[in-house]
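Visitor: sharing a sequence plus its predicted fold:
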Amino acid sequence: QVQLQESGPGLVKPSQMLSLTCGVSNGLITTNYYYWSWIRQPPGKGLEWMGAIAYDGSTYYTPSLKNRIVIFRDTSKNQFSLQLSSVTPEDTAVYFCARGVTAFAFWGQGTQVNVSS
């Protein structure tokens, strides 16, 4: 079974960059035709799909974050990463990585990121 694990700082200051990494085991991120997503859930709100990176390295972002988000991968480590720039307290959320782009077969456990000075 594919396993995903998020890692990164739990606290980021406003205006700085949020960086998270998702390590994947028991499956390669280059396997045809899988997509690997970042999803977040702000407190008291629903899940928000942020973006994805495909098996071939193509990236897809939700329009509302397009100017601030970058997703990239390290195939040698079988991991993919999220960078979100110019964060505000509204970016406080539990951040998940998952396999899929509309339906998600496997999820990480999630990591809480607070944006606060």
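Guide: Yep, it's here. Numbers count the residues shown, from 1 in each chain.
Visitor: where exactly do the strands run in the chain?
Guide: 3-7, 11-12, 18-25, 35-41, 48-54, 59-61, 69-74, 79-84, 93-100, 104-107, 111-115 (DSSP state E).
Visitor: now the fourth one: buried residues?
Guide: The neighbour-count criterion (16 or more other CB atoms under 10 Å) identifies Y35, W36, S37, W38, I39, R40 as the buried residues of strand 35-41. All C-beta atoms are positioned from the backbone trio N, CA, C, and that covers glycine.
Visitor: the closest residue to W107 other than its chain neighbours: how many residues sit nearby?
Guide: Excluding the flanking residues, the one nearest W107 by CB to CB, 6 or more residues apart in numbering is A98, at 4.5 Å. If you count neighbours by other CB atoms under 10 Å, A98 ends up with 23.
Visitor: got a pLDDT number for A98?
Guide: What the model reports as pLDDT for A98 is 98.
Visitor: make 26 the starting number, not 1.
Guide: Shifting the count to begin at 26 puts that one at A123.
Visitor: for it, what are its contacts?
Guide: Contact analysis of A123 by CB atoms under 8 Å, 6 or more residues apart in numbering lists L29, W61, S62, I64, F129, A130, F131, W132, G133.
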